[in-house]
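Undergrad: Fold the following for me, if possible:
(one chain, ligands or ions: 1)
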Amino acid sequence: MSKKLLKNAYVLISADDDVEKMNILIDKDEIEDLIPVEITNKREQGIENVEEFDLSGKLIVPGFINAHTHSVMSYFRGLADDVSIDDWLFKYMFPREDLLESEMAYYGAMVSILEMISNGITTFVDMYMFTDSVAKAAYDLGIRAYISRGLSYDTPEGWKKRLNENIGTYEKYNGLDDRIYIGFGPHAPYTVPIDKLKEVAKLAKKYQTHVQIHLLESTNEKQLYNLIDIENTGLFEVPTISAHCVYADEKDIEVLSRSEVNVAYNPTSNMKLGNGIAPIVKMLEKGINVTFGTDGSASNNSLNLFSEMKIGAILQKYKYGPDKFHVEEILRMAWENGGFALEEKLGRLEPGFKADLVVLDINSLEFFPNDLSKLKSHIVYSVNPKNVYASMAAGKWLYFDGKFLTLKEGEEKIYEQFYNYYKTLENKHNSLNFSSNYNTNDNCR
Ligand code: NI
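TA: Just a heads-up that it's a prediction; the model follows:
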């Protein structure tokens with residue numbers, strides 16, 4: 001059966017709508033129609049081959065879009081909670097990342113994607129190594145994904161190797177199932193020189209794809225480059241998501257605004273690594289398209305947009321005043337702004353949009369009083385992942401009533417493989433540390 005009818009639920013079509021009771025008709029991977037409950041019975045007679053789901057007592061909202069993460073980093077959750085961003089990156093992450101292998105990366109991504117699906121995230125934007133493994137995990141689990149190879153420059157050979165991997169994954173996976181897309185991921189202006197950023201901009205234009213980059217994340221970066229120089233590489237002429245922008249000043253905001261660069265706000269990661277609060281309210285005032293990202297499990301430590309929305313909102317209110325940053329703006333950032341950044345019909349539950357949605361249980365305590373006019377506020381400030389009843393991407397249920405429906409292997413097998421690889425990584429790392437004790441930290445790349 002190619003059609004699905006989600007019946008009797010309350011529906012929030014978009015951040016700017018009111019909650020209404022209606023039925024959603026889905027054809028393949030798209031929303032075909034929204035039908036007021038009272039006339040469904042009449043119209044239903046004309047619909048054949050429909051699989052029905054009674055979702056009484058539930059609220060259907062657009063699927064959440066995680067616009068910045070590194071899914072393989074699930075292995076490093078809890079590894080470096082109390083260190084500076086430099087130590088975090090150079091002392092803890094890089095040495096372990098050198099030991100990763102492609103099958104490990106697959107299981108790392110699997111665990112993160114399962115976490116995201118059960119937390120109501122139906123699209124994620126990923127930057128990392130082992131893009132074939134991440135793309136395969138996303139393909140296998142049915143989530144929508146925009147994936148790029150993290151590119152940094154060390155030697156001409158190293159650069160070429162990474163670019164070739166990025167292009168290889170593009171050729172193998174881009175457009176697969178109309179939900180896996182491969183872009184380019186220059187890591188940051190302090191790890192990729194200007195002429196190489198120009199090369200990436202040319203490639204992104206040639207392949208007509210998106211770019212992700214970390215920009216102005218930490219205070220040191222402000223001294224290292226000027227955003228106008230990055231703009232002049234041509235990188236902002238393609239759809240670009242720039243993660244963080246914590247240290248964007250007024251001039252930088254002007255550049256981001258005129259170049260229509262999309263920004264991913266990662267409040268938990270920014271605060272946990274001690275970087276600070278991004279000027280999101282100012283960016284929104286200048287018309288910049290801002291989305292939410294979780295960043296990876298090694299700096300967040302959970303892949304959960306409910307907590308990003310709440311923490312992100314509280315920080316903006318602290319910085320700019322409690323009358324700023326309304327619930328509608330916050331929900332737009334988590335939904336349709338993500339769709340706008342990715343140039344896909346996502347983040348609204350309208351006919352013609354992709355059937356990516358989340359079902360929340362409004363009979364949970366976090367939703368009380370579950371008065372319809374209060375539900376949007378509850379989603380931002382009270383709801384948490386345990387209130388997610390189901391998640392759907394591209395018209396397929398990925399998660400329903402506590403079960404992962406797209407998992408081919410058993411859940412336990414995935415967790416066992418993940419844990420075994422985690423132990424392998426730690427053992428390898430410990431034995432290397434032992435043999436290179438006299439080397440201080442020079443082995444960090
Ligand atoms: Ni990041």
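Undergrad: Residue 338 sits in which helix or strand?
TA: helix 336-341 (DSSP states H and E).
Undergrad: what packs against that helix?
TA: Using 3 or more CB pairs under 8 Å, 6 or more residues apart in numbering; DSSP states H and E as the contact criterion, the secondary-structure elements in contact with helix 336-341 are strand 64-69, strand 262-265, strand 290-292. For glycine as for every other residue, the C-beta is placed from the backbone atoms N, C-alpha and C.
Undergrad: if you set the cut-off to 7 Å instead, what comes out?
TA: For helix 336-341, the contact count by 3 or more CB pairs under 7 Å, 6 or more residues apart in numbering; DSSP states H and E identifies strand 64-69, strand 290-292 as packing neighbours.
Undergrad: Turn these into TSV, columns for distance to residue 419, mean pLDDT and mean neighbour count.
TA: Formatted as TSV, the entries for the helices and strands packed on helix 336-341 read as follows, by distance: least, CB to CB, whole Å; pLDDT from 0 to 100; neighbours: other CB atoms under 10 Å:
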stretch	distance to residue 419	mean pLDDT	mean neighbour count
strand 64-69	21	98	29
strand 290-292	30	98	26
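Undergrad: got TSV for these, with distance to residue 281 too?
TA: Formatted as TSV, the entries for these read as follows, by distance: least, CB to CB, whole Å:
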stretch	distance to residue 281
strand 64-69	18
strand 290-292	10
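Undergrad: of all these, which lies closest to residue 235?
TA: Among those, the nearest to residue 235 by CB to CB is strand 64-69 (16.3 Å).
Undergrad: Export only the CA atoms of the closest one, formatted as PDB.
TA: Presented in PDB, the C-alpha positions along strand 64-69 are these (Å, rounded to 0.1, in the frame of the first residue of the first chain):
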ATOM      1  CA  PHE A  64      12.900  18.000  13.600                       C
ATOM      2  CA  ILE A  65      16.000  18.900  11.500                       C
ATOM      3  CA  ASN A  66      19.400  18.600  13.100                       C
ATOM      4  CA  ALA A  67      21.400  21.000  10.900                       C
ATOM      5  CA  HIS A  68      24.900  20.200  12.400                       C
ATOM      6  CA  THR A  69      26.300  17.000  13.800                       C
END
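Undergrad: partners of that strand, with directions?
TA: In its sheet, strand 64-69 lies beside strand 121-128 (parallel), with partners assigned from DSSP bridges.
Undergrad: got the CA coordinates for the helix or strand just after the strand it pairs with in CSV?
TA: Note on strand 121-128: by DSSP H and E, the next helix or strand toward the C-terminus is helix 131-141. In CSV, the C-alpha atoms belonging to helix 131-141 read as follows (Å, rounded to 0.1, in the frame of the first residue of the first chain):
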residue,chain,number,x,y,z
THR,A,131,31.2,9.3,4.6
ASP,A,132,30.4,6.0,2.9
SER,A,133,29.7,4.4,6.3
VAL,A,134,27.6,7.3,7.5
ALA,A,135,25.6,7.4,4.2
LYS,A,136,25.1,3.6,4.4
ALA,A,137,23.8,3.8,8.0
ALA,A,138,21.4,6.7,7.1
TYR,A,139,20.2,4.7,4.0
ASP,A,140,19.7,1.6,6.1
LEU,A,141,17.7,3.3,8.8
